[in-house]
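In: everything below, folded, please.
(chains A, B, C and D)
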Protein chains: 2
Amino acid sequence: MDKLTGKQQNIYDYIKECLNNEGYTPTMREIADYFGYNSTNTVNDHLQALAKKGYIIKKPGAARGIILTDISNETVIINKGVPIIGRVAAGSPISAIENLDGYLELSEFYDESHFALHVRGDSMIDAGIWNGDFVIVREQPVIRNGEIGVAIVAGEATVKRISINNKEAILYPENEFYSPIRVDLSETEFRIAGKVVGLHRVIR
Amino acid sequence: MDKLTGKQQNIYDYIKECLNNEGYTPTMREIADYFGYNSTNTVNDHLQALAKKGYIIKKPGAARGIILTDISNETVIINKGVPIIGRVAAGSPISAIENLDGYLELSEFYDESHFALHVRGDSMIDAGIWNGDFVIVREQPVIRNGEIGVAIVAGEATVKRISINNKEAILYPENEFYSPIRVDLSETEFRIAGKVVGLHRVIR
DNA sequence: TTGATAACTGTCATTATAATCAGTATTATT
DNA sequence: AATAATACTGATTATAATGACAGTTATCAA
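Out: Got it, this is the predicted structure:
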């Protein structure tokens, strides 16, 4: 895809911004006003350039008929996550709007300070964390003793119930067949990556 | 939020559909044409009802000036989900891009044929499904015997390991303190809502 | 039975918007 | 040096679209 010039990029960005803020694309006059152009034809020229380079599609004659191509490829974006169904009325289809309780969307719960970790091993099965699960971790340098978190021990990340005192950290597995791991803080590199605040499992 | 009438719902759905398919909302005339109305004022009346009930916002005078309120509340949508961290290099911050293994995003795994169900009760704890979890269900009318799915029994949705023969369905809990539930298919309304394909837990 | 709401028709003035024409000046590309 | 693409002005035209007015009919609840 051909690169945009500075002005073209600005106009493209503005269209995107309008779409996000207002919910619809601007008219040519609105673009002209925003950038201080005295003629809508200036905008028309720019839009033609954008269309020619494939960044937008212009529906001829249609008011606000600008379509951003990269967004139309991601229409899933207007995706609300997975609908949560509450009551199920007898006979009605599951998707019936009356049953809707909201949407399950990761970004709703978790912001940029979160990351996910693919769990290997079954040392935490009694805490409901299984091999293959994704735990969602809120990045934080400390946690309260007894909470489940992710610790980095000598560069290795592990999910455990964590307890720390002045000289050592104790990592408690949640599985009767495993023993707690004691980490001497003066000998081994140790730090808390964060606290486990969510879990996601893909079931085949 | 006030409930929509059937026609209002249809128009609302159509607006949403246009937004997804075309990238912009329809004009009143387009809506009228689609539904076969002879007057744009019919549409105007409906839009006013939708606006009054809070489903849309109408920007006066603006062409295609319909804003869907539930979508405008989700601009975060251009969100990439939760980053998945793989290896953790010693010393480097968690968020370092080298550690990135991808993004955990519900919509990546699950399409429109999925819904989530808030689990109540602990009848499935041995299957790793806890009280308060969200199970993600792929809508399907049948499942293989022995698979975990959601059944609708007399209007009530339950998550169980399901087995069916000609005359009865047996719902097996995964908890030693619970007994299987037998449902006589000739007496009780029974159907499969779908198969459990994922699980999401919010940990406090 | 009165009033409110929903669901329509049909017409029309007004404005919003797109799109075209005829230019000028500047800045790359061949 | 010639050519094309970029970046604008200013004016005009055609049409796209909203929204208001004046009605009709049906339904449902007080």
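In: show me what the strand ranked longest in chain A is packed against.
Out: Counting residues, the longest strand in chain A under DSSP state E turns out to be strand A:190-202. Here strand A:190-202 touches helix A:106-109, strand A:114-118, strand A:134-139, strand A:147-153, strand A:156-164, strand B:190-202, going by 3 or more CB pairs under 8 Å, 6 or more residues apart in numbering or on different chains; DSSP states H and E. Every residue, glycine included, has its C-beta placed from N, CA and C.
In: any part of the helix or strand containing residue A:46 near DNA strand D?
Out: When elements are defined using DSSP states H and E, residue A:46 is found to belong to helix A:40-52. Yes - in this structure, helix A:40-52 sits against DNA strand D according to CB under 7 Å from any atom of the strand; the contacting residues are A:40-42, A:45-46, A:49, A:52.
In: and of the helices and strands packed on strand A:190-202, who's closest to DNA strand C?
Out: Set against DNA strand C and scored by CB to the nearest atom of the strand, the helices and strands packed on strand A:190-202 come closest in strand B:190-202, at 29.5 Å.
In: ok, the closest one: who's next to it in the sheet?
Out: strand A:190-202 (antiparallel), strand B:134-139 (antiparallel), strand B:147-153 (antiparallel) (DSSP bridges).
In: list the buried residues of the lengthiest helix in chain A.
Out: Using DSSP state H to define each element, chain A has its longest helix at helix A:6-21. The neighbour-count criterion (16 or more other CB atoms under 10 Å in any protein chain shown) identifies A:8, A:11-12, A:14-16, A:18-19 as the buried residues of helix A:6-21.
In: what's the answer for stretch A:118-128, then?
Out: So stretch A:118-128, judged by 16+ other CB under 10 Å, has buried residues A:118-119, A:122-125, A:127-128.
In: closest one of those to DNA strand D?
Out: Minimum separation from DNA strand D among the buried residues of stretch A:118-128 (CB to the nearest atom of the strand) is found for residue A:118, which lies at 45.6 Å.
In: which non-adjacent residue is nearest the closest one?
Out: Nearest residue to residue A:118, sequence neighbours excluded (CB to CB, 6 or more residues apart in numbering or on different chains): residue A:134, at 5.8 Å.
In: pretty sure the one you found sits against residue A:120.
Out: No - assessed by CB atoms under 8 Å, residue A:134 is found out of contact with residue A:120, at 11.3 Å.
In: number of residues surrounding residue A:186?
Out: If you count neighbours by other CB atoms under 10 Å in any protein chain shown, residue A:186 ends up with 8.
In: just the pLDDT at it, thanks.
Out: Per-residue confidence for residue A:186 comes out at a pLDDT of 88.
In: likewise for residue A:181?
Out: 90.
In: my read: it touches residue A:163, true?
Out: No - contact status for residue A:181 versus residue A:163: not in contact, 11.0 Å apart, counting by CB under 8 Å.
In: shared neighbours of those two, which are they?
Out: Between them, residue A:181 and residue A:163 have residue A:170 as joint contacts when contacts are counted by CB atoms under 8 Å, 6 or more residues apart in numbering or on different chains.
In: how about the residues of chain A that lie near DNA strand D?
Out: By CB under 7 Å from any atom of the strand, the part of chain A that sits against DNA strand D consists of A:5-8, A:32, A:35-42, A:45-46, A:49, A:52, A:61-63, A:65.
In: any chance of the residues of helix A:40-52 next to DNA strand D in TSV with neighbour count, pLDDT and distance to DNA strand C as columns?
Out: TSV is the format used below for the residues of helix A:40-52 next to DNA strand D (neighbours: other CB atoms under 10 Å in any protein chain shown; pLDDT from 0 to 100; distance: CB to the nearest atom of the strand, whole Å):
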residue	neighbour count	pLDDT	distance to DNA strand C
A:40	16	93	5
A:41	11	93	4
A:42	17	93	9
A:45	13	91	8
A:46	22	92	11
A:49	18	90	13
A:52	10	87	14
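In: just the closest of those residues to chain B, please.
Out: Using CB to the nearest CB, residue A:40 is the member of the residues of helix A:40-52 next to DNA strand D that sits closest to chain B, with 14.2 Å.
In: show me how far stretch A:164-180 is from its chain's centre.
Out: Mean-position distance between stretch A:164-180 and its chain equals 32 Å (CA atoms, centre = their mean, to the nearest Å).
In: picking up where we left off before, which of the residues of chain A next to DNA strand D come close to chain B?
Out: Subset of the residues of chain A next to DNA strand D in contact with chain B: A:62-63, A:65, counting by CB under 8 Å from any CB of the partner chain.
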